[in-house]
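1. build me a model from this:
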Amino acid sequence: MLSSTPNMKIVYRASGLPELQSPYLICGLPGTGYVGKLALDYMIHELNANHLADIYSTSFPSKIVVRSNGVAELMKNTIFYSKSISSSSNDLLLVTGDSQPVNPESEYILIEQILDIAAKFNTKKIFALAGYATGQFVDSPHIFGTATDIDMLNKFKERNITPMDIGSIIGGMNGLIIGVAKLRGMQGTCILAETSGYVVDAKASKFILECLTSILGISINTTSLDKKAKETEMLIQTIQQQIAREGLEYQQSNMPHKPSNTGYIS
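-> Numbering: from 1, shown residues only. The predicted model follows:
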């Protein structure tokens, strides 16, 4: 099944649309530190989520991606779905991808397409995952958040989420999607994990995933993500050691040289 816009093509799974009950839409696209994407890709894997649709666009970078099996494909965004096995949690639509569009107009177009698909299933809540770049390496990343309604903001404290400051701006689709969703009568929440912005930050992804699953009321085994988080820690330690070493070398090379001991002449 195919549908298209002037610069976009959506390819649905061959067997048609699944039956979902007002699923939550979770968005985690490439961004700062790949925090949201890593968390969502891990979630998709652990939930054994099913493929729903691929979205191709001329607004994605003009490149191909070579997958882990060696097969080359155009860049795309992909929507998966996961049916809840518990009556106390919701079905999920999960949006990941290789890239965000390269221009703002295409971001809006793509978001409208994603929300059109979510609307087919009567989605009412949107969650977006992102990184909050601070330029600093930290041991325990803080979680920040914003939402399109005060009720959700009031629940942040019990989840240990710090509300973002007035005037803060979130760039890219991971932020923009909740603003567009609000115009369509959907409730939107964006949660962001603190990250340096210098590395692919699996530790921040682990923290944001734990926060999200707590909100959703589901449990996910994070053992493999823990391993990636430790790799991030090792990488950060290496970078810090390199910075310290270079700083010392620079300091030593710029120290004034002591004069030779020629004695004192009056």
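2. contacting residues for Thr232?
-> For Thr232, the contacting residues are 199-203, by C-beta atoms under 8 Å, 6 or more residues apart in numbering. The C-beta positions use only the backbone N, C-alpha and C, and glycine is treated the same way.
3. turn the residues you listed into JSON lines, columns for neighbour count and secondary structure.
-> JSON lines is the format used below for those (neighbours: other C-beta atoms under 10 Å; DSSP: H, G, I helix; E, B strand; the rest coil):
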{"residue": "Val199", "neighbour count": "16", "secondary structure": "coil"}
{"residue": "Val200", "neighbour count": "16", "secondary structure": "coil"}
{"residue": "Asp201", "neighbour count": "29", "secondary structure": "coil"}
{"residue": "Ala202", "neighbour count": "25", "secondary structure": "helix"}
{"residue": "Lys203", "neighbour count": "29", "secondary structure": "helix"}
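4. need the max-distance pair from those residues.
-> Spatial extent of the contacts of Thr232 (C-beta to C-beta) is set by the pair Val200 and Lys203 at 10.2 Å.
5. what's the pLDDT at the closest residue to Leu235 other than its chain neighbours?
-> Nearest-residue entry for Leu235: Val199, 5.7 Å, with adjacent residues in sequence omitted and distances by C-beta to C-beta, 6 or more residues apart in numbering. The model reports Val199 with a pLDDT of 86.
6. swap in Met1?
-> At Met1, the pLDDT recorded in the model is 56.
7. now the helix or strand where Ser214 lies: buried residues?
-> Taking DSSP states H and E as the criterion, Ser214 maps to helix 202-216. Residues of helix 202-216 classed as buried: 202-209, 211-213, 215-216 (neighbour count, 16 or more other C-beta atoms under 10 Å).
8. average pLDDT for that helix, rounded please.
-> Helix 202-216 shows an average pLDDT of 94 in the prediction.
9. show me what that helix is packed up against.
-> Helices and strands touching helix 202-216, by 3 or more C-beta pairs under 8 Å, 6 or more residues apart in numbering; DSSP states H and E, are helix 35-46, strand 125-133, strand 143-147, strand 187-195, helix 223-253.
10. is Pro163 in a bridge, and if so with what?
-> When bridges are called by DSSP bridges, Pro163 pairs up with Gly145.
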